[in-house]
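*Asks:* Fold the following, please.
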Amino acid sequence: MIAKRKTALLLAVSALGMSGTVTFAQDAQTQAELDALRARVEALEAGKPGAGTGDLQIGNTTLDVYGYVKADFFFDTDFELGDLADATRIGEPADATSGTFGATVRQSRIGLRTNTPSAIGDIAGQLEVDLFASDGNAEFRLRHANIRIGDNWLIGQYWTNFQPLDTYPTTVEFNGPVGIPFARVPQVRYTNTLGSDTTFAFSIEENVGGSDSNDPVLTGSIEYNNDTYLARASALYGKAQSGAVEVDQTGFTLSAGIRPWQGGLFQVNYVDGEALGPYLIAAGDAIVNGQANDVDGFTVEFRQDLSPKWNVGIAYGQENYDLPTSTGTLSFTEVETIHVNAFYKATDNLTFSAEFFYGERNDEPTGRTFDSNRIQLAAQLNF
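*Replies:* This is a model prediction of the structure:
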């Protein structure tokens, strides 16, 4: 990920570490560094490069295997939402239930990172897969596959530059709240810095699924982050196509975050544009009846560390479309979600979590509103 980027879950977990005293944190960090150095020396002396560190050295290339195993258990009250807690299933007669239990391990993932020094800077590679290749079956799906040259260039598949990664809300279920861009696409991206706290990036990307357009998408972003305050803006321009109809695809995101006190985190995201539906969680149609479908959405999240092991949070999201998207027998122009969750860090690698999910969507032709709840428990082991 770009520079200081962590996933939303790792952001929340890292905040836990800051809730201890400064002295304790410094002592723990020093001890960890000494232990890692000692393990490295012992590995080299034993002729086992990387043993005990998670790294493997082949020539001048370092390889690191990473990922996690995650087991999710959930109960849907009114409509079956699937492994992804799909809010657009709410209201569909085929998904109606009086209560359904489900479980999945498909969010589990594994990845490989490489790093090789060269005359043009470090050349890094990433290959990552999870088990979401098909609905209901645990089959490998490609998430990331990219090459990085120095600190500036990324070539391959990664999160779209249009997506606000650093303020993405933390949830137990996979998708997160509606109202935010979410896409991984092949791209060429250039990143650089302005001073120590500001990063900007430009990219040429493939259009996401949901549009037949073969034209590239152009994006730009700028972010200020000093670990207490964060502000980010991004813009996108491309074409969306459905059959013979082609329209402009434009949009922007605005994001902000603040850590107002010890262990606290408040962050918001706003997105607006035309024909942007395929980029958003609810994935509304980009074109309806030959017209670009304008959309806006937002998320709001608050998190708080309760102790070095516990943190809790609540996130709200909403998407609003000008034109309806069919989901089978119904169609929607508005969908919203609420996530209330808690995470317990049992060890450095093992986390247990629980979440209450509420989703609501409308049926545009009839004006009816449908809602559903989910209770979810999970265990995650990072490696």
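*Asks:* measure stretch 175-194 end to end?
*Replies:* The first and last residues of stretch 175-194 sit 32 Å apart, counting by C-alpha to C-alpha, to the nearest Å.
*Asks:* Please renumber the chain so that the first residue is 538 from this point on.
*Replies:* Okay, using 538 as the starting number, the last item reads as stretch 712-731.
*Asks:* what does the average pLDDT come to for that stretch?
*Replies:* The pLDDT scores in stretch 712-731 average 96.
*Asks:* Could you do stretch 874-894 as well?
*Replies:* pLDDT averaged over stretch 874-894 gives 98.
*Asks:* buried sites along that stretch?
*Replies:* 874, 875, 876, 877, 878, 880, 882, 888, 890, 892, 894 (16 or more other C-beta atoms under 10 Å). For every residue, glycine as well, the C-beta is placed using N, CA and C.
*Asks:* same check, this time on stretch 688-699
*Replies:* Those would be 690, 691, 693, 694, 695, 696, 697, 698, 699, for stretch 688-699 by 16+ other C-beta under 10 Å.
*Asks:* quick one, what contacts the second one?
*Replies:* Listed by C-beta atoms under 8 Å, 6 or more residues apart in numbering, the contact set of residue 691 reads 539, 683, 684, 685, 724, 725, 726, 728.
*Asks:* export the residues you listed to JSON lines and tack on neighbour count?
*Replies:* Below are these laid out as JSON lines (neighbours: other C-beta atoms under 10 Å):
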{"residue": "539", "neighbour count": "18"}
{"residue": "683", "neighbour count": "20"}
{"residue": "684", "neighbour count": "13"}
{"residue": "685", "neighbour count": "24"}
{"residue": "724", "neighbour count": "21"}
{"residue": "725", "neighbour count": "14"}
{"residue": "726", "neighbour count": "23"}
{"residue": "728", "neighbour count": "19"}
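*Asks:* want to throw those into TSV with distance to residue 903?
*Replies:* Output for the contacts of residue 691, formatted as TSV (distance: C-beta to C-beta, whole Å):
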residue	distance to residue 903
539	45
683	45
684	50
685	50
724	41
725	46
726	44
728	47
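*Asks:* Residue 865: which of those residues is nearest?
*Replies:* residue 724 (32.6 Å; C-beta to C-beta).
*Asks:* The host helix or strand of that closest one pairs with which strands, and in what direction?
*Replies:* For residue 724, the element it lies in under DSSP states H and E is strand 721-731. Here strand 721-731 is paired, per DSSP bridges, with strand 690-696 (antiparallel), strand 735-742 (antiparallel).
*Asks:* got these as JSON lines, with mean pLDDT and distance to residue 751 columns?
*Replies:* Below are these laid out as JSON lines (pLDDT from 0 to 100; distance: least, C-beta to C-beta, whole Å):
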{"stretch": "strand 690-696", "mean pLDDT": "98", "distance to residue 751": "17"}
{"stretch": "strand 735-742", "mean pLDDT": "98", "distance to residue 751": "13"}
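*Asks:* Just put these in CSV and tack on distance to residue 631.
*Replies:* CSV is the format used below for those (distance: least, C-beta to C-beta, whole Å):
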stretch, distance to residue 631
strand 690-696, 32
strand 735-742, 34
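*Asks:* re the thing from before, any idea how far the strand holding residue 724 is from the chain center?
*Replies:* Distance, stretch centre to chain centre, for strand 721-731: 17 Å (C-alpha atoms, centre = their mean, to the nearest Å).
*Asks:* Ok, stretch 737-746 next?
*Replies:* The answer for stretch 737-746 is 16 Å, by C-alpha atoms, centre = their mean.
*Asks:* Over to stretch 817-830?
*Replies:* Per C-alpha atoms, centre = their mean, the centroid offset for stretch 817-830 relative to its chain is 22 Å.
*Asks:* ok, now stretch 834-848?
*Replies:* 16 Å.
*Asks:* re the thing from before, out of the buried residues of stretch 688-699, which is nearest to residue 829?
*Replies:* Distances from residue 829 to those, taken by C-beta to C-beta, are shortest for residue 699, at 16.9 Å.
*Asks:* what's near enough to touch the closest one?
*Replies:* Counting by C-beta under 8 Å, 6+ apart, residue 699 has contacts 718, 720, 756, 758, 771, 772, 773, 788, 790, 816.
*Asks:* ok, the first one to residue 884 distance?
*Replies:* In this structure, residue 718 lies at 33 Å from residue 884, with C-beta to C-beta, to the nearest Å as the measure.
*Asks:* repeat for residue 864
*Replies:* Taking C-beta to C-beta, one finds residue 864 at 41 Å from residue 884.
*Asks:* And for residue 632?
*Replies:* Taken as C-beta to C-beta, the span from residue 632 to residue 884 is 37 Å.
*Asks:* Check residue 635 too.
*Replies:* Taking C-beta to C-beta, one finds residue 635 at 38 Å from residue 884.
*Asks:* Same question for residue 621.
*Replies:* Applying C-beta to C-beta to residue 621 and residue 884 gives a distance of 28 Å.
*Asks:* Just give the nearest non-adjacent residue to residue 804, would you?
*Replies:* Residue nearest to residue 804 in three dimensions, not counting chain neighbours: residue 794, with 3.6 Å by C-beta to C-beta, 6 or more residues apart in numbering.
*Asks:* Which strand residues bridge the one you found?
*Replies:* Bridge pairing for residue 794 - DSSP bridges - gives residue 767, residue 804.
*Asks:* repeat for residue 683
*Replies:* With DSSP bridges as the rule, residue 683 is bridged to residue 663, residue 693.
*Asks:* That one is in contact with residue 662, isn't it?
*Replies:* Yes - the criterion here is C-beta atoms under 8 Å, and residue 683 meets it with residue 662 at 7.2 Å.
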